[in-house]
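[1] predicted structure and sequence below. I'll ask about it afterward.
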Amino acid sequence: NIALTFPQGYSLEQTRERALEAQALVSSHVPEIDSIVLFSGQGTGFGFSSPNQASIRVVLVPTKDRKRSVHEIINEVQYLLSSSIVDATVNTTNGGFDALVGYISGGGGYGLKLVGEDMELLHEAAESLRVKLQEDPEVLVASIDTSYDANILVMDMSHQLMSNLGVNSSEAGLTANLLFQGMEVGNLTNTEGERYPIRLESDLKGLPITSSPLLSAEVPASTGELISFASLAELKEERAVSRIVREDREKTVTVSATLVSEDTKGVSARMQDYLAQHPLPEGIKTASGGLMELIADSIEPMATALAIAVFLVYTVMVIQFEKFRQPLIVMVSIPFSLIGVILGLLLFGSSISLISFMALIALGGIVVNNGIILIDAINVLREEEATEGEESLEMLRMSVANGGASRLRPILMTTLTTMLGVIPMALA
């Protein structure tokens, strides 16, 4: 998916013209394309349409028919369009499951959320972090979810002048609202009892708000005389954000980055070092964003589910063995599985993620299953030995050794079949 955002004020025709240039560049530099579709006036997300946005959906040929990976192609397209379409903000991302994860996590990749009350201070701090992120070698493109991309007209009414001229503040506000938005003034009921709303609108409704019609508009005074807004107010234009994101009633701005790979560890470490050397202004605090936020939000419910699962497994084993100590022996074997987990992550250069955490829980289930098989076999041998007389320590050791030897092969077979079953998913 290629998202193109052009400056505010671009018409749909201008956006389409520039987007067609971008489409031609992608088609000429990426021979692995199977199909390509251009959408003008629409971004890649699920937000509202905008005439200054466009998106290009690219479908590549199957992996077996191309030599480059999707990440290599994304890197080339990002650098190509960023250097060629200079009047657009380009964001190239992977589609499919990665796009779904990006939507759920608020952008995917690396994310840092700034929380505070001063919107200008938040935006200034976020912009400085965006510039720093863009310099990182692992970052394709960095962005913030809020920008000062809108202009507003502020009418500063003089209460003293309004009082001297006999103008009511509510009448002034009502007049301005009527001019540019319209208002419902009543209802009309026909002979059949059906009601229809009556709206009063001006010919300025739906048009951009400018200073000329606003200052020339007139409001009635208490004497019946019409007074223009120019005599009562000072009009000034100010920058404003198009949207304000709030979480827990606090304003937030998220700085996100699309990375060249799915590993956010290196970027996170470098940004933490940067923040330690360059503290944020007072009144701004940080929180995890992107994939890190998704993982952090998932840890608590997963840990709760793990605790419930451990309790239920222990209860079932107590019922099965009719003892309290033997299930504890099985449960103690679970931490030893972490040895293989750590070695596997180091061997493949991976890190703890949401998927690996889920796999760790599944691995605990396999270990418990193997432990139950082993303990049950040992108990059977102990019962057979006990029929011949009182059990001694030497007999217990023989039962453990024989039970382990007899169940080693079945345990290895079940573990191996499980490993072979998940290999295709691991290599996909």
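    Structure received.
[2] residue contacts, residue 167?
    Going by Cβ atoms under 8 Å, 6 or more residues apart in numbering, residue 167 touches 161, 219, 220, 221, 222, 227, 232. Every residue, glycine included, has its C-beta placed from N, CA and C.
[3] which of those residues fall in strands?
    Among these, the members falling in strands (DSSP state E) are 219, 220, 227.
[4] out of those residues, who's the most crowded?
    residue 219 (21 neighbours; other Cβ atoms under 10 Å).
[5] neighbours of the nearest residue to residue 14 once chain neighbours are set aside, just the number please.
    Spatial nearest neighbour of residue 14, chain neighbours left out: residue 6 (7.2 Å); criterion: Cβ to Cβ, 6 or more residues apart in numbering. For residue 6, the count of nearby residues is 20 (other Cβ under 10 Å).
[6] now residue 6: how far from residue 383?
    According to Cβ to Cβ, to the nearest Å, residue 6 and residue 383 sit 79 Å apart.
[7] likewise for residue 127?
    Following Cβ to Cβ, the distance that separates residue 127 from residue 383 is 74 Å.
[8] who has more neighbours, these two?
    More crowded of residue 127 and residue 383, by other Cβ under 10 Å: residue 127, with 15 against 11.
[9] check what pLDDT the residue nearest to residue 14 gets.
    Residue 6 carries a pLDDT score of 84 in this model.
[10] check contacts around it.
    14, 15, 18, 52, 53, 54, 87, 88, 89.
[11] the stretch 301-428 of the chain: helices as residue ranges?
    Remark: helices assigned in the stretch 301-428 of the chain by DSSP state H, counting those that start in this stretch are 325-332, 337-348, 354-386, 393-427.
[12] of these, which is nearest residue 66?
    helix 393-427 (17.6 Å; Cβ to Cβ).
[13] could you give the average pLDDT over that closest one?
    83.
[14] now swap in stretch 363-374 and tell me
    85.
[15] for stretch 222-232, measure first residue to last.
    End-to-end distance for stretch 222-232, by Cα to Cα, to the nearest Å: 14 Å.
[16] contacts for that stretch?
    Taking Cβ under 8 Å, 6+ apart as the rule, stretch 222-232 contacts 155, 157-158, 161-162, 165-168, 172, 176, 214-221, 235.
[17] how far does that stretch sit from the chain's center?
    51 Å (Cα atoms, centre = their mean, to the nearest Å).
[18] so how far is stretch 55-66 off the chain centroid?
    That offset, for stretch 55-66, works out to 24 Å (Cα atoms, centre = their mean).
[19] over to stretch 127-134?
    Distance of stretch 127-134 from the chain centroid (Cα atoms, centre = their mean) equals 18 Å.
[20] residues of that stretch that come out buried?
    By neighbour count on 16 or more other Cβ atoms under 10 Å, the buried set for stretch 127-134 is 129, 130, 132, 133.
[21] do stretch 317-324 as well
    Buried residues in stretch 317-324, counted by 16+ other Cβ under 10 Å: 317, 321.
[22] would you mind putting the CA coordinates of that stretch into PDB?
    Taking Å, rounded to 0.1, in the frame of the first residue of the first chain, the C-alpha atoms of stretch 317-324 are listed here in PDB:
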ATOM      1  CA  MET A 317      -3.500 -33.300  37.800                       C
ATOM      2  CA  VAL A 318      -4.400 -33.400  41.500                       C
ATOM      3  CA  ILE A 319      -7.600 -35.200  40.600                       C
ATOM      4  CA  GLN A 320      -5.800 -37.600  38.300                       C
ATOM      5  CA  PHE A 321      -2.900 -38.500  40.600                       C
ATOM      6  CA  GLU A 322      -4.900 -38.100  43.900                       C
ATOM      7  CA  LYS A 323      -1.800 -36.400  45.300                       C
ATOM      8  CA  PHE A 324      -0.700 -32.800  45.800                       C
END
